[in-house]
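Chemist: Let me see the structure of the following:
(4 chains)
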Protein chains: 4
Amino acid sequence: MAFRKIINDPVYGFITIDNPLIFEIISHPWYQRLRRIKQMALAHLVYPGAVHTRLHHSLGAYHLMCNALQVLKEKGTVITAAEDTATKIAILLHDMGHGPFSHALEHVLLKNVNHEQLSLLLMEELNRQFNGQLQTAIDIFTNTYPKKFLHQLVSGQLDVDRMDYLTRDSFFTGVNEGVIGYDRIIKMLIVHNGELMVEEKAVYSIEKFLVARRLMYWQVYLHKTVLSAEMILVKILERARAIELQNNLHLPDCVLKRFLTDEYNGNIAGYLDQFCQLDDSDIIVAIKSWRSHPDKVLSLLCNGILDRHLLKIELQSNPIPETAIALKKKNVMERLNISEQDASYLVFTGEAVSGTYNPLVEKINILFKNGGIKDISQVDNALIQHNLSGPVKKFYICYLK
Amino acid sequence: MAFRKIINDPVYGFITIDNPLIFEIISHPWYQRLRRIKQMALAHLVYPGAVHTRLHHSLGAYHLMCNALQVLKEKGTVITAAEDTATKIAILLHDMGHGPFSHALEHVLLKNVNHEQLSLLLMEELNRQFNGQLQTAIDIFTNTYPKKFLHQLVSGQLDVDRMDYLTRDSFFTGVNEGVIGYDRIIKMLIVHNGELMVEEKAVYSIEKFLVARRLMYWQVYLHKTVLSAEMILVKILERARAIELQNNLHLPDCVLKRFLTDEYNGNIAGYLDQFCQLDDSDIIVAIKSWRSHPDKVLSLLCNGILDRHLLKIELQSNPIPETAIALKKKNVMERLNISEQDASYLVFTGEAVSGTYNPLVEKINILFKNGGIKDISQVDNALIQHNLSGPVKKFYICYLK
Amino acid sequence: MAFRKIINDPVYGFITIDNPLIFEIISHPWYQRLRRIKQMALAHLVYPGAVHTRLHHSLGAYHLMCNALQVLKEKGTVITAAEDTATKIAILLHDMGHGPFSHALEHVLLKNVNHEQLSLLLMEELNRQFNGQLQTAIDIFTNTYPKKFLHQLVSGQLDVDRMDYLTRDSFFTGVNEGVIGYDRIIKMLIVHNGELMVEEKAVYSIEKFLVARRLMYWQVYLHKTVLSAEMILVKILERARAIELQNNLHLPDCVLKRFLTDEYNGNIAGYLDQFCQLDDSDIIVAIKSWRSHPDKVLSLLCNGILDRHLLKIELQSNPIPETAIALKKKNVMERLNISEQDASYLVFTGEAVSGTYNPLVEKINILFKNGGIKDISQVDNALIQHNLSGPVKKFYICYLK
Amino acid sequence: MAFRKIINDPVYGFITIDNPLIFEIISHPWYQRLRRIKQMALAHLVYPGAVHTRLHHSLGAYHLMCNALQVLKEKGTVITAAEDTATKIAILLHDMGHGPFSHALEHVLLKNVNHEQLSLLLMEELNRQFNGQLQTAIDIFTNTYPKKFLHQLVSGQLDVDRMDYLTRDSFFTGVNEGVIGYDRIIKMLIVHNGELMVEEKAVYSIEKFLVARRLMYWQVYLHKTVLSAEMILVKILERARAIELQNNLHLPDCVLKRFLTDEYNGNIAGYLDQFCQLDDSDIIVAIKSWRSHPDKVLSLLCNGILDRHLLKIELQSNPIPETAIALKKKNVMERLNISEQDASYLVFTGEAVSGTYNPLVEKINILFKNGGIKDISQVDNALIQHNLSGPVKKFYICYLK
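Modeler: Modelled structure (predicted):
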């Protein structure tokens, strides 16, 4: 009897693993570690159900990849068994480089390194451990494999990563307006001239997909309370780092400490194993230990995030005037009797930018029955024109109430 | 113990009737008749689940009205018990004037009368039967009641009618991209300056609502196969009428016959009871009896719709050229050996127009926290600008394959 | 590109037809007719969403069959392409023999013939039309095909028919306690010793399935209001038949009339085409025409069902005492001034029997990891022992209020 | 405008907080801490979606309580505003006494104290902080309040705690056979003779509820892999404690250490604040630090749980024979070269007992229309008789593969 493991998923019902190599990869400690990293960082402070993990998301994306590959094969696209497995591995591992609290702490714990670069480093190391069996997956992931559409399934305007996270994040937050018709879109995928496209019948589903994404950005990912919480998290780590430089953090020797002191010194490849020892819980425990740290700013921020007493936040379309910032800082400096530099951890500004469809960067091609091809923004009566085509930027200020 | 009836609804869980007058209205034969009229006419030829009824839709809209009124009262809007009941009755009866196959045969069975006019006539007659207890409901329905927002709940850009039919039609068709966040929108309704508005937080839900509506129009309501089927239905009745004028229809004396011969002669008020005897089944049975009618055109159309062998249909953005129509007609005339007039039942053109949000006609006002009010098309980075603001028109041609 | 049609289903998402023969069968007028027959007869009088059709159910059962066959093949059971297609056809056509209002009028319109017999007659005729291509499907349907498990998938304790109707009826009624884990059960199906079994891991799902079935019987299928409505329907047709015998029915010549007068005289095979012209609408239109029939009993029953003024019904565990019946009959005879025989249409008794799992008749075999096999009622701590093992019978009386 | 906070919940849609005191309680750090305790401990190792929190569950139970109180009031039961608020507070706080990993570590971190006792201690302290405003809630929680039915809603055979956790755990695991008809049961609740009962119409829903609970126990809560993982967790803490007694744990001074050394010495009331500093993350971080502990047994167990390499587990109906245990222990002793006592952390037995309905302990009373009252196990054709009436016990052995 064939190899076959079944995993219950509240979103798709069942996820099937029918390849021993894929099962081995899932069983690797580096993959299992994704159980301890929340997909949506601190969104659960607003949406209490949003506590699902990176592991769950990547299993979900893998499931959609299985469906997508099946559809393309049924439509006559040649995909060998090796390519099939490799593409599934590429999607399983695409997010492996995420550290604690995913995007929220990206570039904070590890400066100048993003999660895709880390994913690639980790995949390369795994490839060594698995005797080269991941090479095709890496080629697909880095878009050096000749069949471009396989990379597009992993990372592109219509990749299964995006389809899963929108679907899954909608499901767990309960924001069901974010629901997309992933099954219809997948059924309408087609490869034409070596590129991934969608059939004409899916035009409205694609529009809906782009609008759902827009909604999820503003209603969930960039929800102002979530934004405030995640910025506090960033400020906590920045403050901790500053205190540690003065050897005052009193943090016991631990992996987290090594990253706070930038011990790896740019040589992240040599610290992969250490990096993979980190997860959300290290940050939480550190923050809890700093609740009563003598540094007023650090303890205030730590208590804030643990007890959900967040900084106030205001979003607007225009940059925050300098005078408004100065006024709020002055107020905090006086109330807490702290320096301006200290106050900058409690009063600060930033920009929130929604990820959106940008046809200048990459197209979503619609294949018409008559053989014509148009970008989604070019179809008749297109919804997605000037509006959704570029990212939207908003400016915010966070400050102590 | 208080009066209380509970009805299972797969969409909302349970619908509660806690007012004896409302229960009596629901029990009236004219209301019960809505059980025998499909909400979506012939959409089930494409979406087999879409067989739900007008009765179910109006009960659903009533349920959403209960929620909306509750929310507004909790926010401090004064709504008396009498107004509460009247608004619920108004929504329950808003669609009572629909005849067989709802919109598909509107203006076909009864010329020059639309379903709202019929609903009003029926409500007035019911008001007599219920000794004037429906007067406030009628005033709200006809927008002559001072509190305008009650009418807006029944019929307006954000009425519960629309919220229910989009939700319900999505549910029964399985087109879940049409799902809207009705519960969020309802929770965000507010009355300001006597007008129904939505709070700022619902902006993305409203955008999503308008986009879902657009999607449902093109993917479901104006799906080309549905359009073809519903036009065949129209042609069947037109053909039957033409034949009946020559006394050749061989239809036994029945209510349907009286409407086909326009016996009521414009005096629909005198024929309300007869009208309420009609439902989908009369049309189906007539069509089945015409399967073998000697008139070639009639039998061909009737068999087509019963066996789902529909006319071919093509949609496009520009009007169909006269020459193309003539060519197809000629082909049919020759194949079937029929006159040009007869062929016009088998080759014909038309226009499909999607209902959309038109801010020129009626606004969806967003109430901002700072007290400002903007139409949804005027908010920052609005999705709904030039695109969704006017109806979209497409042209189609149907013809015998 | 391969043949491929996709149908939206609110229950399973999408149903795929990838075989031209199966598509042709679905396109046959006899199959399309199932669109006009409600799956649950008059259950919609209690559960307004329950208006789905026999066509929809059989498409759903076909979909589950596709999944089940796929699972068995993945587990190593040999199923040829011809057997695969034949089994799918068998399930598609298993309910084709249903007439108007399905079970409610079975044995009423056609005496002494059940729907399975009719399904077989229709399949045999279709087999002639399709030049013998349905022979294997017929063999599987009649359990004369050597691989018994194929028949068990079509008709057995764990057939996909049952799985679909429980799932679908739950969905459309909104009685979500009836939801079963069809996907888990199907994933756990296995063929052992040529018999269909389920793997050990599915024990609780099977128990749940049997309990859900029990619940659906008493809460939905045998709901007392549904029972009353469906018995009125039966009484209407019996009364109509009695009146017609005296040539007083005033029914225009039509197909229904031929069945009311038993014109076919037992020779149903010669009347198959006529039978397939009947559907729910014929009954509805006849009942509407009898609303004002001079026969007091007939018009009373017809108005009752159309306006949902049903007979009162009482269910109990013991037979209704003769005296109680006599008393109620006397009351009706006096109030309406009718004979005792006439009163027997308005006061009558009957038995409601729930279909349940009976291990004496057919077993649900559980295949244990250690190779052992036990009936579901024999596993450790079995829920299903003496209780669910036999049908439960209740006695009812219906009478005019 | 009235006080009103709305929380998105994927299970129920929206949860409304409309009372400032309740909002203050939810904002208390002790309540917010429940965000960091998983409802289902390690069930996510089998069901990856099962990562929802104690906070989410108690908010859900609160929501159902709001519905239940509303239903009872509509049915005429007198519930004052103060009682209404108090009952809601009681359910919100009923699980506050849970520590890290909820049930899995109950009695392990704190010996001889269960979570209900801790909840009460915490409620009493909160009552002081809130100036006695929680007194009625405490009386209801401890069942000393005269209206018994309020306590029954919080803790009883049909309490909203159970309804929420079954519903929520089904939702997040994706085991949808566990879905119960909570809304129907709540709508059928009624107070009679001062006791909580359900109306006759809910009989099948109650049966279904009890069966779903049984299924959830065996398929989820006592799933053998979950059981193995949670027992490893227990063994880890037991082993850590034993090592700490010899001062070899090398754990930095922290709250967890104080509980491992039983510093509180039975005086838990004086350590409430310390207890409330603990959550899942402390355990995870400790386990990660013990991955490379010199104690072979500890590091083996810690790596096992982090990387999901669990002990093998076997369940059976009879106790595990001593000889089988001894054999497995011997094998482990030899392979790892450890003592028998050390081996007892890697080879051990235990009992899994499902919580079930036991009519001897507490009844589920059904109120019949005729005024009669019967326990659910006494109704006609009861499903729940000998079978579900007592708990089921299974015996298991865990051992190193």
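Chemist: give me every residue that touches A:Ile284.
Modeler: D:36, D:279, D:281 (Cβ atoms under 8 Å, 6 or more residues apart in numbering or on different chains). Glycine gets a C-beta too; all of them are placed from N, C-alpha and C.
Chemist: Select from those the one having the most neighbours.
Modeler: Counting neighbours by other Cβ atoms under 10 Å in any protein chain shown, D:Asp279 leads these with 26 neighbours.
Chemist: quick one: it from A:Leu306, how far?
Modeler: 10 Å (Cβ to Cβ, to the nearest Å).
Chemist: Name the nearest of the contacts of A:Ile284 relative to D:Gly350.
Modeler: Nearest to D:Gly350 among the contacts of A:Ile284 is D:Asp279, at 25.6 Å by Cβ to Cβ.
Chemist: Which residue comes closest to the closest one once chain neighbours are left out?
Modeler: D:Arg36 (3.6 Å; Cβ to Cβ, 6 or more residues apart in numbering or on different chains).
Chemist: now that neighbour: how far from D:His98?
Modeler: As for D:Arg36, its distance to D:His98 is 11 Å (criterion: Cβ to Cβ).
Chemist: okay, and the common contacts of D:Asp279 and A:Leu306?
Modeler: D:Arg33.
Chemist: on that earlier part again, who are the contact partners of the residue nearest to D:Asp279?
Modeler: Residues near D:Arg36 by Cβ under 8 Å, 6+ apart: A:284, D:53, D:279-281.
Chemist: Now with 7 Å, please.
Modeler: Counting by Cβ atoms under 7 Å, 6 or more residues apart in numbering or on different chains, D:Arg36 makes contact with A:284, D:279-281.
Chemist: Identify the residue spatially nearest to A:Thr87, adjacent ones excluded.
Modeler: Leaving aside its chain neighbours, A:Thr87 sits nearest to A:Leu150 (4.9 Å; criterion: Cβ to Cβ, 6+ apart).
Chemist: ugh, wrong one, A:Arg184
Modeler: A:Ser205 (4.9 Å).
Chemist: Check which element follows the helix or strand harbouring that neighbour along the chain.
Modeler: If you go by DSSP states H and E, A:Ser205 is part of helix A:203-216. Moving toward the C-terminus from helix A:203-216, the next helix or strand (DSSP H and E) is helix A:224-245.
Chemist: quick one: the residue nearest to D:Asp279 and D:His115, what's the gap?
Modeler: Distance from D:Arg36 to D:His115, by Cβ to Cβ: 16 Å.
Chemist: near chain D, which residues of the stretch 201-350 of chain A show up?
Modeler: A:252, A:277, A:281-282, A:284-285, A:288, A:306-308 (Cβ under 7 Å from any Cβ of the partner chain).
Chemist: meant to ask about the stretch 51-200 of chain A, not that
Modeler: A:51-53, A:55-56, A:59, A:171-175.
Chemist: Give me the pLDDT for A:Ile284.
Modeler: On pLDDT, A:Ile284 comes in at 97.
Chemist: just A:Phe259 next, same as before
Modeler: What the model reports for A:Phe259 is a pLDDT of 89.
Chemist: by contact count, what packs against the strand or helix carrying it?
Modeler: Under the criterion of DSSP H and E, A:Phe259 resides in helix A:255-260. Using 3 or more Cβ pairs under 7 Å, 6 or more residues apart in numbering or on different chains; DSSP states H and E, the elements in contact with helix A:255-260 are helix A:224-245, helix A:280-289.
Chemist: what's the spacing between the last one and its chain's center?
Modeler: Going by Cα atoms, centre = their mean, to the nearest Å, the spacing between the C-alpha centre of helix A:280-289 and its chain's C-alpha centre is 21 Å.
Chemist: And for the longest one?
Modeler: Offset of helix A:224-245 from its chain centre (Cα atoms, centre = their mean): 18 Å.
Chemist: could you give the angle of that helix to helix A:280-289?
Modeler: Counting by axes from the mean of the first three to the mean of the last three Cα atoms, to 10 degrees, helix A:224-245 lies at 70 degrees to helix A:280-289.
Chemist: roughly how far out does stretch A:6-13 sit from the chain middle?
Modeler: Relative to its parent chain, stretch A:6-13 has a centroid offset of 21 Å by Cα atoms, centre = their mean.
Chemist: where are the low-confidence patches of chain A?
Modeler: Low-confidence segments of chain A (pLDDT under 70): A:1-2, A:356-361, A:381-390.
Chemist: Report the separation between the residue nearest to the spatial centre of it and D:Ile305.
Modeler: Most central in chain A under Cα atoms, centre = their mean is A:His103, positioned 5.3 Å from the mean C-alpha point. Taking Cβ to Cβ as the measure, A:His103 falls 27 Å from D:Ile305.
Chemist: With A:Arg4 instead?
Modeler: 25 Å.
Chemist: quick one, which of those two is more surrounded?
Modeler: Legend: neighbour count by other Cβ under 10 Å for A:Arg4 and D:Ile305, higher for D:Ile305 (24 against 14).
Chemist: tell me the contacts of the more buried one?
Modeler: D:229, D:232-233, D:236, D:287.
Chemist: 10 Å instead?
Modeler: A:32, D:42, D:45, D:228-230, D:232-233, D:235-236, D:283-284, D:287, D:291, D:311 (Cβ atoms under 10 Å, 6 or more residues apart in numbering or on different chains).
Chemist: Isn't A:His107 up against A:Val234?
Modeler: Yes. Counting by Cβ atoms under 10 Å, A:His107 touches A:Val234, with 9.2 Å between them.
Chemist: Look at these two and report which has more neighbours.
Modeler: Between A:His107 and A:Val234, A:Val234 has the larger neighbour count (other Cβ under 10 Å), namely 19 against 12.
Chemist: how about the closest residue to that one other than its chain neighbours, what does it touch?
Modeler: In this structure, A:Val234 finds its nearest non-sequential neighbour in A:Val108, 5.4 Å apart by Cβ to Cβ, 6+ apart. Neighbour list for A:Val108: A:99-101, A:233-238, A:241, A:259 [criterion: Cβ under 10 Å, 6+ apart].
Chemist: quick one on the thing from earlier: so can I have TSV of the contacts of A:Ile284 showing distance to B:Leu315?
Modeler: As requested, the contacts of A:Ile284 are arranged in TSV below (distance: Cβ to Cβ, whole Å):
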residue	distance to B:Leu315
D:Arg36	56
D:Asp279	59
D:Ser281	58
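Chemist: Pick the one among those residues closest to D:Ile26.
Modeler: For these, the nearest to D:Ile26 is D:Arg36 (15.0 Å; Cβ to Cβ).
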